[in-house]
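[1] What follows is a predicted structure for the sequence shown.
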Amino acid sequence: MNDRKVAFITGASAGVGRSVAEMAAEQGMRIGLFARDKERLERVKGYIEDHGGEAMALSGDVVNPGEIENAASSVENKFGPIDIWINNAMTTVFAPFWKITPEEYKRVTEVTYLGFVYGTMAAMKRMRPRNRGTIVQVGSALAYRSIPLQSAYCGAKHAIQGFTESLRSELIHEKSKIRLTMVQLPALNTPQFDWCEAKLDRQPQPVPPIYQPEVAARAIVWAACHDKRELNVGFRTSLILWGNKFFPGFGDRYLASKGYSGQLTKDPIKPDRPSNLWHSVSGNFGAHGRFNDVAIRNSPFFWFTTHSGLIFISGFLLMILIFALSR
């Protein structure tokens, strides 16, 4: 009997999803890869198989529950029960609210929020009868503290947070053994800043500090294998979340002043800039975007967060030792 875990990942063709897929495969998991771009999915599948892993490439759109359902069934038919479900697919529109059309707003909400809902439904349909499994919701610091120029995306991330907390209470109520966790990410160097819809004069960028997607992937894979309610990646993520609890008005004014310039480079928007809002963008995009020169590769804060028990015990023993030596 094969005891390797089976993971299903949405948005797996590039960016964070691709990095998570590769890292999960390194951990010995068999991977169901789900995204719109079949060609890029096949590249990810090929990379995993070239490194000794197993994967399936399943193209579809997260806004269509039937396509998610069919993909999940295909994964279970080949690999067995899905142990870990990772909701990651997203899109956004970089623009002031009044420049976004109702159709664009709906599309961002359907992909970034309802895509998580539909994915969670497919996961729960399989996990509840078995009373086991883990669902990871890939969130963001923007699930708590919204920023200008991304109202549709921020609204969707807030919605995921509220939906996840409601579902978690329901699982606790029925004494379920299904684990539900949310990983809040910092700014990341992914291709989204080259292909998401933008109605700006200059090219968008992540708000510094910028991390490489591998930092996020390590946290997501770790959360999938440990019992953690919520995990903040990067010190600034926790700082933003805590700051917003106590000083939300300051955050409003600060972002009104700095939130625009912090998301814009000096480069003008190109007339032929691609957009993945309605269709996938062709090309050999990988996990990384164009900010490799400034992106941070490691997060000491993540190590601290995931080793807090060890740190507490070490600190306690050190206090005992100091007390003993001082007598």
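    Cool, the structure landed. Numbers count the residues shown, from 1 in each chain.

[2] before we move on, which element is the residue nearest in space to the middle of the chain in?
    Most central in the chain under Cα atoms, centre = their mean is V138, positioned 3.1 Å from the mean C-alpha point. Using DSSP states H and E, V138 sits in strand 134-140.

[3] what's that strand in contact with?
    Outside of strand 134-140, the residues within contact range by Cβ atoms under 8 Å, 6 or more residues apart in numbering are 16, 83-88, 90, 116, 120, 123-124, 127, 157, 160-161, 164, 178-185, 216, 220, 223-225. From N, CA and C alone the C-beta is placed, and that goes for glycine too.

[4] Okay, now the sheet partners of it, with direction.
    Applying DSSP bridges, strand 134-140 is found paired with strand 84-87 (parallel), strand 179-185 (parallel).

[5] which of these sits most buried?
    strand 84-87 (a mean of 28; mean count of other Cβ atoms under 10 Å).

[6] How about the contacts made by the residue nearest to G17 when sequence neighbours are not counted?
    Of all residues not flanking G17 in the chain, G11 sits nearest, at 3.9 Å (Cβ to Cβ, 6 or more residues apart in numbering). Residues counted as contacts of G11 (Cβ under 8 Å, 6+ apart) are G17, F34, A35, V62, N88, A89, M90.

[7] Swap in 7 Å and give it another go.
    Contacts for G11 (Cβ atoms under 7 Å, 6 or more residues apart in numbering) come out as G17, A35, N88, A89, M90.

[8] Those in strands, which ones?
    Under the assignment DSSP state E, those contribute A35 to strands.

[9] now, which of the contacts of G11 sits nearest H51?
    Nearest to H51 out of the contacts of G11 is G17 (Cβ to Cβ; 17.1 Å).

[10] Distance of the closest one relative to E76?
    Using Cβ to Cβ, to the nearest Å, G17 is found at 20 Å from E76.

[11] higher neighbour count, those two?
    Per other Cβ atoms under 10 Å, whichever of G17 and E76 has more neighbours is G17, with 30 against 15.

[12] Count residues in the vicinity of the closest residue to I147 other than its chain neighbours, would you?
    Leaving aside its sequence neighbours, I147 sits nearest to G259 (Cβ to Cβ, 6+ apart; 5.0 Å). G259: 18 surrounding residues under other Cβ under 10 Å.

[13] can you pull the pLDDT of G259?
    G259 is assigned 90 on the pLDDT scale.

[14] again, but for K245
    For K245, pLDDT reads 82.

[15] go on, L317?
    According to the prediction, L317 has pLDDT 53.

[16] what do you get for A123?
    98.

[17] Quick check: phi and psi at it.
    phi -70, psi -50 (degrees, to the nearest 10).

[18] distance of it from T10?
    From A123 across to T10, the span is 10 Å (Cβ to Cβ).

[19] Which members of the contacts of G11 are classed as buried?
    G17, A35, N88, A89, M90 (16 or more other Cβ atoms under 10 Å).

[20] could I get these as CSV with distance to H288 and pLDDT?
    Output for the buried ones among the contacts of G11, formatted as CSV (distance: Cβ to Cβ, whole Å; pLDDT from 0 to 100):
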residue, distance to H288, pLDDT
G17, 13, 97
A35, 17, 98
N88, 16, 98
A89, 18, 98
M90, 17, 97
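
[21] E170 is in what secondary structure piece?
    According to DSSP H and E, E170 maps onto helix 151-173.

[22] repeat for I9
    Secondary structure assigned from DSSP H and E places I9 in strand 6-10.

[23] Direction included, what does that strand pair against?
    strand 30-35 (parallel), strand 84-87 (parallel).

[24] helix/strand/coil for D267?
    Three-state call for D267 (DSSP: H, G, I helix; E, B strand; the rest coil): strand.

[25] hang on, it packs against R202?
    Yes - using Cβ atoms under 7 Å, D267 is in contact with R202, at 6.2 Å.

[26] ok, how many other residues are close to the closest residue to S238 other than its chain neighbours?
    Sequence neighbours aside, N232 is the residue nearest to S238 in space, at 4.5 Å (criterion: Cβ to Cβ, 6+ apart). Residues within reach of N232, counting by other Cβ under 10 Å, total 24.

[27] residue ranges for the strands of the stretch 101-250 of the chain, please.
    In the stretch 101-250 of the chain, the strands defined using DSSP state E, counting those that start in this stretch lie at 134-140, 179-185, 187-188, 197-198, 202-204, 210-211, 230-232.

[28] Which one's more surrounded, D267 and R202?
    Using other Cβ under 10 Å, the more surrounded residue of D267 and R202 is R202, with 16 against 11.

[29] so where's this structure uncertain?
    Applying pLDDT under 70 to the chain picks out residues 1-2, 302-303, 307-327.

[30] For it, just list every one of the helices.
    15-26, 38-50, 65-79, 102-109, 115-130, 151-173, 192-195, 213-225, 235-246, 248-258, 300-306, 308-326 (DSSP state H).

[31] A123 and T10: which has the busier surroundings?
    Between A123 and T10, counted using other Cβ under 10 Å, the more crowded position is T10 (29 against 24).
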